[in-house]
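Visitor: Sequence and predicted model, in that order:
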Amino acid sequence: MLELGRSHPLTATCARGLEEVLTEELRALGATAVAAGRGSVAFAGLRTAMRVVASVVRGEVRSREDLYELAASAPWSEIIEPGQSFAVEVVGRHPAFANTTFAGQVVKDAVVDRLRQQRGSRPDVERENPDVRLHLRLVERGATTLGLDSSGEPLSHRGYRPHGGPAPLAETLAAGILLLAGYDGGEPLLDPMCGTGTFAVEAALIATRTPPGLRRDFAFERWRLHDRGLFEEVRREARHGHRDAPAPIAARDRDERAIRATERNLKAAWMDRWVQVEQRDALDLRLPWGAGGTVVANPPYGKRMGEVARLGGLYRRFGDSLKQHATGATAWLLVGEPSLARQIGLKPTRKIPLFNGPIECRLLKFELYEGFHLRILNFQFLILNFNPTPRNTSGGQAEI
């Protein structure tokens with residue numbers, strides 16, 4: 001009997017730039033043989049993972065024939081039950097295949113042929129809602145991997161937010177940013193540009209130690225190898241770790257529609273009691289708890305809307321507000337346009353490359369030390385009271 005996860009390695013995929021934080025998350029969960037790749041982390045046996053793939057077969061592929069033989073070598077009769085449908089998803093690139101559709105067709109043919117030989121009938125291929133999802137990862141050099149997608153819907157789909165909306169931030173990316181910021185719920189957090197509330201929900205899930213996928217279904221629940229009793233035991237154990245949020249979480253936006261969306265998503269995630277939601281301009285950064293804490297924001301990039309020039313003023317004013325009102329806090333901003341980052345007027349102490357979908361961004365960290373605003377006021381006072389009038393000490397030519 002095939003034992004996935006024991007004799008076969010697992011792979012968790014993630015947004016590019018989150019490999020490091022996903023690696024640490026897997027290690028914290030007790031994973032062994034953890035190795036980060038490009039947009040994925042392999043481990044043997046998550047908030048930042050997009051999918052978890054159980055490897056079935058791996059091998060070097062140089063041609064269509066190689067891929068066919070690799071796919072046909074898997075014990076599909078132990079994986080796909082009679083009457084079950086399957087689909088093939090392909091990621092990566094390889095010079096032997098003009099596109100991923102062709103590679104997926106080769107795998108589909110191999111699986112169908114193998115099962116027809118063993119059972120005398122072919123399985124159905126269902127693209128939209130298959131019983132078993134196969135995941136092929138092509139690489140130009142090294143081993144190509146064919147495995148089972150245990151997640152189904154991407155793990156970023158927690159189940160609390162409708163898909164779509166204006167420029168949404170993926171839940172897994174939001175969680176990854178919070179973990180990169182060192183957030184564990186122990187200190188106050190503010191998102192002054194909350195949009196649909198993704199940062200707020202993910203912060204509340206982290207602070208209360210609530211597993212993000214506790215109320216959703218997974219593809220592996222349809223597997224022939226699935227142990228329902230063991231999975232229910234894991235769910236029960238996960239619920240026992242819940243706690244009250246130890247520090248305030250605040251979400252603000254000036255748009256009333258965004259506030260309503262945030263409130264809906266918090267309620268759908270059962271996190272509404274832990275987050276204070278308020279309609280307020282993002283430039284009003286007065287912290288409800290006084291000084292300190294974390295400010296996290298995903299300001300508009302301009303690349304999507306073509307409004308970089310107009311957004312410059314917003315970034316400048318937002319930087320000024322950080323200096324004036326976020327005393328002692330640490331700010332983390334996800335910025336997609338370098339020219340806008342420079343308008344903030346603060347020097348970041350850390351820059352982390354991240355991808356928000358296809359957009360290459362930088363996660364910028366700003367330390368807003370206590371006393372920083374006071375030093376600025378003192379400097380402004382000196383400038384305003386500086387008298388440049390020349391001083392005449394000899395009754396003749398003035399000294400400057």
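Guide: Thanks, I have it. On a predicted model such as this, the values are computed, not experimentally measured, just so you know.
Visitor: for the stretch 101-250 of the chain, what spans make up the helices?
Guide: Ranges of helices within the stretch 101-250 of the chain are 171-180, 198-207, 228-240, based on DSSP state H, counting those that start in this stretch.
Visitor: Pick the most buried one from those.
Guide: helix 198-207 (a mean of 27; mean count of other CB atoms under 10 Å). (Glycine included, C-beta is placed from N, CA and C.)
Visitor: helices or strands up against it?
Guide: helix 171-180, strand 189-191, strand 249-253, helix 256-268, strand 275-279, strand 294-297 (3 or more CB pairs under 8 Å, 6 or more residues apart in numbering; DSSP states H and E).
Visitor: Could you tell me the angle between it and helix 256-268?
Guide: 20 degrees (axes from the mean of the first three to the mean of the last three CA atoms, to 10 degrees).
Visitor: what's in contact with helix 198-207?
Guide: Contact with helix 198-207 is made by 47, 158, 160-161, 168-171, 174-175, 177-179, 183-185, 189, 191, 194, 210-212, 245-247, 249-251, 262, 265-266, 269, 271, 274-275, 277, 296-298, as judged by CB atoms under 8 Å, 6 or more residues apart in numbering.
Visitor: Domains in this structure, by residue range?
Guide: 51-149, 171-211+247-378 (automatic domain parsing).
Visitor: Buried deepest among those, which one?
Guide: domain 171-211+247-378 (a mean of 19).
Visitor: ok now that domain, how far from the chain's centre?
Guide: Distance of domain 171-211+247-378 from the chain centroid (CA atoms, centre = their mean, to the nearest Å) equals 15 Å.
Visitor: Asp109 touches Tyr68, doesn't it?
Guide: Yes: distance between Asp109 and Tyr68: 6.9 Å, which falls inside the contact criterion (CB atoms under 8 Å).
Visitor: thinking again about what came up before, list just the one of the helices of the stretch 101-250 of the chain that sits closest to Ala326.
Guide: helix 198-207 (15.8 Å; CB to CB).
Visitor: Can I get the helices of the stretch 101-250 of the chain in TSV including mean pLDDT and distance to Arg257?
Guide: Below are the helices of the stretch 101-250 of the chain laid out as TSV (pLDDT from 0 to 100; distance: least, CB to CB, whole Å):
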stretch	mean pLDDT	distance to Arg257
helix 171-180	94	19
helix 198-207	96	15
helix 228-240	81	33
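Visitor: Serialize these to JSON lines and add fields for distance to Leu346.
Guide: Output for the helices of the stretch 101-250 of the chain, formatted as JSON lines (distance: least, CB to CB, whole Å):
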{"stretch": "helix 171-180", "distance to Leu346": "18"}
{"stretch": "helix 198-207", "distance to Leu346": "20"}
{"stretch": "helix 228-240", "distance to Leu346": "40"}
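Visitor: Can you tell me which of the ones you listed is nearest to Glu60?
Guide: It's helix 171-180; of these, that one is closest to Glu60 (CB to CB) at 30.6 Å.
Visitor: contact partners of the closest one?
Guide: Helix 171-180 has contacts (CB under 8 Å, 6+ apart) with 14-15, 17-18, 21-22, 24-25, 47-50, 154-158, 161, 198-199, 201-203, 205-206, 212, 296, 298, 332, 334, 352, 354, 356, 363.
Visitor: Report the contact partners of the nearest residue to Leu136 once chain neighbours are set aside.
Guide: Spatial nearest neighbour of Leu136, chain neighbours left out: Val90 (4.6 Å); criterion: CB to CB, 6 or more residues apart in numbering. With contact set as CB under 8 Å, 6+ apart, Val90 has these partners: Thr100, Thr101, Ala103, Gly104, Val107, Leu136, Leu138.
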